[in-house]
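Asker: this one's sequence-less:
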DNA sequence: CTGAAAGCGCTAACAA
DNA sequence: TTGTTAGCGCTTTCAG
């Protein structure tokens, strides 16, 4: 007992009991006398006993470990989703193991191995930006480990997933801009192999069609959605002839939107007087800029919670028997100053 | 092999070898023939073999697991520190288990248990805001588990820690404000039982003394450092008589500073014309506000990296033998528009 | 270079 | 209600 690490065997010896009895007492089994239970738990406290989860997991085949694989945890979105995941997971007695792919497929692959080796009972994943196929998830299926995607995924028939209705969110925000008077709305689109950016583009286009507005390809700018991409995109838009210049912008990312805003200001243009702006994700800073930026809430916490719930369902039913399901969350438009129709009293 | 989960025993049987030989082959032991090694690794690949870390850890007594306990992962700071931790940890072959205390001592306590039970080989921790004593870390010491604090800690003689020189950072930023012309500088201070906020206050006071400026208690406002606290604090400052009103503000948190900025603007005051502002932490949004906010870089990534390095050192030397050490990182002042001396040409 | 055997700490039949 | 026994998958002496 070099380091004061008592084991069940230690307790058993000290109390003249068998290890099984001690184990049962510690786990509050029903088939144990109250007296023994008390004695055991008392001594456990005194000796500062801590169960060895490794050993228990190995024996039971249940690690009570849940793997989470995200592109990164910077920014509001993934941090909040992870928070939602932890809340529900810990309620269900699961510990969570978080891995970051850093938007890199290679790391995503090796993280999958790490999680499998750690014997997680399930994997919750949001794909990296550089992931174009999901063959590396085959081994997860093969092993019968429940797999649930959230937010970012590759379309496939039989996947479990929790996603935001990005199409609907984009449709709403675009409609909002139109109703505020915009007629030429630009769109900053993200990598189209990712469902989220594709759906945001589709929602944008659908809204234009609904209102009979033309889709002008010069107003559609694809990028990686970082802040500098937004600045560059806006430069591109401002280079257009006055007739071609948009009166509104819907960016699929708040970061790119801030870049656009900064460029507009640097050029002496005003928001919303000269152009209306709207983004996506409701990053914390959208309320800190001037003007505050209209955005779409992605239900981050709820997404995390639902993802775990879906995992728990699969676990209960069994991977083989479970009918793959997709949970779709409703987005929420958050109109702010950046998309307020310039009043008649203004210049 | 219900789920295609091959074990060493399976490989051994298939190859007519002993499990020990297979184990050695998989772990690239030297005492193994190249031919056998190839055969084993080949089959392992074919059967999609994944080692069971649980079993290996149980046997070797080395989990290769590192516990990280943070108040939360929202915001730039902790997310970046965690990133730094993961980088160095994974290089050293450690997996990382992240727990969030949600700024709650009770959760901090139970997280400690979780980590101990998971058999982590070390614990890296930044204290929750509600932690006033560290008795719950006693069991970590008792078990001889290396313990390293970072950023937030309670002063004690024998702790291992990696911290920013908050005193120096505060001293620099306050000096900067003074050099920009401020004579009455307010300070938003955080909970004083936390080293970081105490040291920031001390640095602020030291700078005032250096320049012979009086310390006016009406300019010192303590709070929880959230955004609304900053708004309230600024209300309080603006309620002062013109003679008492400060011409500069150093907030120990960027969030509170944004609150202050918003209140100033709402009252029709301008920054930096009417008041100079500076914060701490270099949150991402400090570059998104108008004006951009002066802040102090906390070396987040580096802090994470150094914390792991210190842990690895302790692990190498042994907890008992290791002479507790404190690593202090140098802050970096980032002057931005919010603290630019109002030029003579301005109103 | 390879094999036999023991055991990490725990749980769960089965037996008493 | 408690004890006996076996074994989860792996590593590691010790022997050959």
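Answerer: That came through, no problem. Note that this is a predicted model, so its numbers are computed, not measured.
Asker: Please make it C-alpha for all contacts and neighbour counts, starting now.
Answerer: Will do.
Asker: Would you point out which residue of the stretch 51-200 of chain A is nearest chain B?
Answerer: Per Cα to the nearest Cα, the residue of the stretch 51-200 of chain A with the smallest distance to chain B is residue A:143, at 4.8 Å.
Asker: How confident was the prediction at that residue?
Answerer: On pLDDT, residue A:143 comes in at 94.
Asker: Distance-wise, check it relative to residue A:242.
Answerer: To residue A:242, residue A:143 is 59 Å away according to Cα to Cα, to the nearest Å.
Asker: before we move on, what about residue A:207?
Answerer: 24 Å.
Asker: do residue A:43 as well
Answerer: Taking Cα to Cα, one finds residue A:43 at 81 Å from residue A:242.
Asker: Those two: which is more packed in?
Answerer: Using other Cα atoms under 10 Å in any protein chain shown as the criterion, residue A:43 and residue A:242 rank with residue A:43 on top: 14 against 8.
Asker: what about residue A:64, neighbour count?
Answerer: Around residue A:64 there are 18 residues (other Cα under 10 Å).
Asker: can you tell me which residues contact it?
Answerer: Shown in contact with residue A:64 (Cα atoms under 8 Å, 6 or more residues apart in numbering or on different chains): A:57, A:93-95, A:120-121.
Asker: Ok, residue A:235 next?
Answerer: Residue A:235 neighbours (Cα under 8 Å, 6+ apart): residue A:263.
Asker: Ramachandran coordinates for it?
Answerer: The phi/psi pair for residue A:235 (degrees, to the nearest 10) reads phi -50, psi -50.
Asker: host element of residue A:236?
Answerer: Following DSSP states H and E, one finds residue A:236 within helix A:227-238.
Asker: how distant is the helix or strand following that helix from the center of its chain?
Answerer: Moving toward the C-terminus from helix A:227-238, the next helix or strand (DSSP H and E) is strand A:248-251. Computed by Cα atoms, centre = their mean, to the nearest Å, the chain-centroid distance of strand A:248-251 equals 23 Å.
Asker: circling back to that earlier point, tell me which of the contacts of residue A:64 fall in helices.
Answerer: Using DSSP state H, residue A:57 are the members of the contacts of residue A:64 that sit in helices.
Asker: Which among the contacts of residue A:64 count as buried?
Answerer: A:57, A:94-95, A:120-121 (16 or more other Cα atoms under 10 Å in any protein chain shown).
Asker: and the gap between the residue of the stretch 51-200 of chain A closest to chain B and residue A:155?
Answerer: Residue A:143 is 21 Å from residue A:155, by Cα to Cα.
Asker: Those two: who's more crowded?
Answerer: Neighbour totals were compared for residue A:143 and residue A:155, and residue A:143 leads with 17 against 12 (other Cα under 10 Å).
Asker: The more buried one and residue B:4 touch, don't they?
Answerer: Yes - the criterion here is Cα atoms under 8 Å, and residue A:143 meets it with residue B:4 at 5.7 Å.
Asker: Phi and psi next, for the spatially closest residue to residue A:136 that is not a sequence neighbour.
Answerer: Nearest non-adjacent residue to residue A:136, counting by Cα to Cα, 6 or more residues apart in numbering or on different chains: residue A:109, 6.2 Å away. Main-chain torsions, residue A:109, degrees, to the nearest 10: phi -60, psi -50.
Asker: can you list the residues of chain A near DNA strand D?
Answerer: A:16-21, A:30-33, A:35-37, A:55-56, A:58-61 (Cα under 7 Å from any atom of the strand).
Asker: Restrict these to those that also contact DNA strand C, please.
Answerer: Answer for the residues of chain A next to DNA strand D near DNA strand C (Cα under 7 Å from any atom of the strand): A:19-20, A:55-56, A:58-60.
Asker: what is the rounded mean pLDDT of stretch A:98-115?
Answerer: So the average pLDDT for stretch A:98-115 ends up being 97.
Asker: Name the residues that touch that stretch?
Answerer: By Cα under 8 Å, 6+ apart, stretch A:98-115 touches A:67-73, A:97, A:123, A:127-131, A:136-137, A:140, B:50, B:96-98.
Asker: Buried subset of those, written for ChimeraX?
Answerer: Selection of buried members from the contacts of stretch A:98-115 for ChimeraX, criterion 16+ other Cα under 10 Å:
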select /A:67,68,69,70,71,72,73,97,123,127,128,129,130,131,136,140 /B:50,96,97,98
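Asker: Looking at the contacts of stretch A:98-115, which are in strands?
Answerer: Per DSSP state E, strands hold the following members of those: A:67-70, A:97, A:123, B:96-98.
Asker: for the stretch 101-250 of chain A, what spans make up the helices?
Answerer: A:105-117, A:138-142, A:166-179, A:195-210, A:227-238 (DSSP state H, counting those that start in this stretch).
Asker: Quick check: which of those helices is nearest to residue A:303?
Answerer: helix A:166-179 (12.9 Å; Cα to Cα).
Asker: Quick one: residues contacting residue A:145.
Answerer: Counting by Cα under 8 Å, 6+ apart, residue A:145 has contacts A:121-123, A:319.
Asker: Residue A:270 too?
Answerer: residue A:264.
Asker: Which of the helices or strands spans it?
Answerer: Counting by DSSP H and E, residue A:270 is found in no helix or strand.
Asker: Could you tell me what pLDDT the model assigned to it?
Answerer: So residue A:270 comes in at 96 (pLDDT).
Asker: how near is it to residue A:257?
Answerer: 14 Å.
Asker: next one: residue A:18
Answerer: 66 Å.
Asker: Of the two, which one has the most company?
Answerer: Set residue A:18 next to residue A:257 and count neighbours by other Cα under 10 Å: residue A:257 wins out with 31 against 13.
Asker: Need the per-residue pLDDT for that one.
Answerer: 98.
Asker: Was I right to think it contacts residue A:276?
Answerer: No - using Cα under 8 Å as the test, residue A:257 is too far from residue A:276 to be in contact (11.0 Å).
Asker: quick one, strands of the stretch 201-347 of chain A?
Answerer: For the stretch 201-347 of chain A, the strands defined by DSSP state E, counting those that start in this stretch occupy A:220-222, A:248-251, A:276-278, A:295-297, A:326-329, A:332-334.
Asker: Check which residues of stretch A:184-203 are buried.
Answerer: A:184-190, A:193-203.
Asker: What is the neighbour count of the one residue in chain A that gets nearest to DNA strand D?
Answerer: In chain A, the residue that lies nearest DNA strand D is residue A:59 (3.0 Å; Cα to the nearest atom of the strand). Summarising burial for residue A:59: neighbours were counted as other Cα under 10 Å, giving 12.
Asker: just to revisit the earlier point, please convert the helices of the stretch 101-250 of chain A to TSV, extending it with distance to DNA strand C.
Answerer: Converted to TSV, the helices of the stretch 101-250 of chain A look like this (distance: least, Cα to the nearest atom of the strand, whole Å):
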stretch	distance to DNA strand C
helix A:105-117	16
helix A:138-142	24
helix A:166-179	43
helix A:195-210	41
helix A:227-238	50
